[in-house]
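# predicted structure and sequence below. I'll ask about it afterward.
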Amino acid sequence: MTSDQYTDDMKKPWEITPKERAIFSIIVMTGAFMAILDTTVVDVIVPKLTGPLATDMYGVQWIITSYMVAAAIALLITEYLIKRFGAKAIFVFGVLLFTAASLFCGLSDTLEHMIVFRVVQGVGEALIMVTSHIMIFSYFPPEKQGLAMGLFGLGVSFAPALGPTIGGYLTEYYNWRMVFFINVPVGLLLIVSGLVYLPKERMFERLRFNYVSFLLISFATVSLLIMLSKGQQLGWFNDSLIGLLLLCSIIGFLLYGLSELWSKHRLIDFSLFKNQAFANGMMIYFFILGFSMYQYFYLLPVYYEHIKMLPTLDAGIAVFAFAIFIGIFSPLAGILSDKIGAKKTVLIASFFYVVTSIAFLPTLNYYTPLNQAMLLTVPFGIGMGLFFAPVTVMVLQNAPAHKGELAIVLMDYFRFVGGSFGTALATNNMEYFKNLHFLRMEELQNTEYLGYYLDTLAEKFGTSLEQVKAIFGNYEAFMGYNYGFYNTFMHAGYWGVLGSVFVLLLFVKFRSAKERG
């Protein structure tokens, strides 16, 4: 429901009591938090599913890939569904799908069943995210929409960071199935409360859906996301399947573009990007939240588990050190957006984010004391918390009121695709720099002295030379991994720098052709 739509008594959506606003906001925020939490909470349990599902690591990766692909495709049809049936109906239906799929995911005993239900869960996530986003924006008057997005930012940026903590706790003290079962009572409560409390909308527009464009962009998106998800596993372009997926993605997007040009009823209205602030906001969202932040969401739990060698739960608690500051500063960023404007707040947020990601996180390594490592991530969490609300407010304020649903769809689509790119980049960079540092350590070694040293160790500990060499080789591999984090963290920060270029462009006034003439 957008700001120009009215409830049944012909009031504007934000003309409600503070109590109603609080109830409506809690319902949609809880739905968004539950849905987006699943994007990272499942990452923790994936390595533990090889036994129960009788598969290998390559197989269980499809549990993540299937969810991501389904959600990205479902986003593309969400605007049509909202205009046709209303945001409330689609939100409740999305929660129903997500809840039922969560139950069956927890009951699954085979990989095939798990993948099917993860697909359904991904569709539910897409419906929940777009509808909750647009509804909470409509519940607040224009002068308080920054606060609305700050509250919503609790779900979008706080939940992914909190995922490893919750996943680690449930897995360690219960079992992996609880990661899915915990959604069921929450989902049932949301369905009942949504049906009872959320206001109805009156819809003024029914779109004609472009099935050809939808199928083409879905084909292109599926090819792209599978390529990004499986690239590192298959050796990227050393494997013919990756090349084929890239070709399919390019052809799909080209055909989609032609379909949109020839169609009277376009799936996506790209005229939105003629607005400078809207276009720059999307690029900021794509590069900073997608390419950059999602790398850190992926890398920090890996750092704590594999470099600091913490148990899963302890690693989750360490991640929580910065996650809590995301939650604290998201509403504050929204209030600041209402006070000084979204553009200025975006500038502050991006500066804080880039400085902390470049200056602090690359210093983390094996030798960094745990307490110090957790403290160094706190300023980074503040930067992440400051980011989401002002960017979202800026994008929605620069989209026509009747295109609010489409703006949200595009933002979430960019988040999925950008996040997939970011995760793939983090994985690829980590592998590359780990091997690079390993080779450089070997290049710098004095082989004669090393041979003498290993012989001495073997003699001292009464073991064979081969065993000592194996131990030393493992040590070298670990240190290569350790030093590789510096470069990987830095490269994630570079994408934040690129996104900040679009922040600066917000303050550059481009003259139109008419003005130049």
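Thanks, I have it.
# and the residue lying farthest from the centre of the chain, what's its pLDDT?
The outermost residue of the chain relative to its centre, with distances by Cα atoms, centre = their mean, is E459 at 52.1 Å. At E459, the pLDDT value in this model is 77.
# ok, M10 next?
54.
# cool, and Y169?
On the pLDDT scale, Y169 gets 80.
# where does pLDDT dip in this structure?
1-15, 44, 46-47, 56-58, 154-157, 161, 202-207, 232-233, 510-517 (pLDDT under 70).
# that one: strands as residue ranges?
For the chain, strands defined by DSSP state E do not occur.
# distance of the residue farthest from the centre of the chain from A401?
80 Å (Cβ to Cβ, to the nearest Å). Glycine gets a C-beta too; all of them are placed from N, C-alpha and C.
# could you do P160 as well?
From P160 to A401 the distance is 30 Å (Cβ to Cβ).
# between those two, which one's more packed in?
Legend: neighbour count by other Cβ atoms under 10 Å for P160 and A401, higher for P160 (25 against 12).
# check contacts around that one.
By Cβ atoms under 8 Å, 6 or more residues apart in numbering, the contact set of P160 is I36, L37, T39, T40, Y294, F297.
# closest to T65 out of these?
Minimum distance to T65 across the contacts of P160 is 12.1 Å, recorded for T39 (Cβ to Cβ).
# how much space separates that closest one from L224?
Taking Cβ to Cβ, one finds T39 at 18 Å from L224.
# ok, F137 next?
29 Å.
# same question, F91
Where L224 is concerned, F91 sits at a distance of 28 Å (Cβ to Cβ).
# okay, the two: which has more neighbours?
F91 (27 against 22).
# setting aside sequence neighbours, what's the nearest residue to the more buried one?
T131 (3.9 Å; Cβ to Cβ, 6 or more residues apart in numbering).
# contact partners for that neighbour?
V28, T78, I82, A87, K88, I90, F91, G94.
# of those residues, closest to Y494?
When these are ranked by distance to Y494 (Cβ to Cβ), T78 comes first, at 32.4 Å.
# now the residue lying closest to that closest one once chain neighbours are set aside: how far from K509?
For T78, ignoring the flanking residues on the chain, the nearest one in space by Cβ to Cβ, 6+ apart is V130 at 4.4 Å. Separation of V130 from K509 (Cβ to Cβ) stands at 32 Å.
# OK, contacts around D314?
G168, Y304.
# so how far is S259 from it?
Where S259 is concerned, D314 sits at a distance of 51 Å (Cβ to Cβ).
# so which residues of the stretch 301-450 of the chain form helices?
312-340, 342-359, 370-397, 404-444, 447-461 (DSSP state H, counting those that start in this stretch).
# in the shortest one, which residues are buried?
Translated: helix 447-461. L457, A458 (16 or more other Cβ atoms under 10 Å).
# G150 touches K339, doesn't it?
No - when contacts are counted by Cβ atoms under 8 Å, G150 is not listed as touching K339 (11.6 Å).
# between the two, who's got more neighbours?
G150 (28 against 11).
# how about that one, what does it touch?
S330, P331, L332, A333, G334, I335, S337, F388, A389.
# related to what we said a few turns ago, from Y173, how far out is the residue nearest to T78?
34 Å.
# who has more neighbours, those two?
V130 (29 against 9).
# which ones are touching the more buried one?
Contacts here follow Cβ under 8 Å, 6+ apart; on that basis V130 touches L75, T78, E79, I82, I90, E405, I408, V409, D412.
# now with 6 Å?
T78, I408, V409 (Cβ atoms under 6 Å, 6 or more residues apart in numbering).
# then W176?
Shown in contact with W176 (Cβ under 6 Å, 6+ apart): I45, K48.
# recalculate using a threshold of 8 Å.
Applying Cβ under 8 Å, 6+ apart, the residues contacting W176 are I45, K48, L49, P52, L170.
# out of those residues, who's nearest V393?
For the contacts of W176, the nearest to V393 is L170 (34.2 Å; Cβ to Cβ).
# so the closest one sits against I182, correct?
Yes - counting by Cβ under 8 Å, L170 touches I182, with 6.7 Å between them.
# okay, those two: which has more neighbours?
Shown here are L170 and I182; by other Cβ under 10 Å, L170 has more neighbours (22 against 18).
# neighbours of the closest residue to that one other than its chain neighbours, how many?
Spatial nearest neighbour of L170, chain neighbours left out: M178 (4.4 Å); criterion: Cβ to Cβ, 6+ apart. Burial measure for M178: 17 neighbouring residues, criterion other Cβ under 10 Å.
# wait, isn't M178 in contact with E172?
No - look at M178 against E172 with Cβ under 8 Å: they stay out of range, at 10.5 Å.
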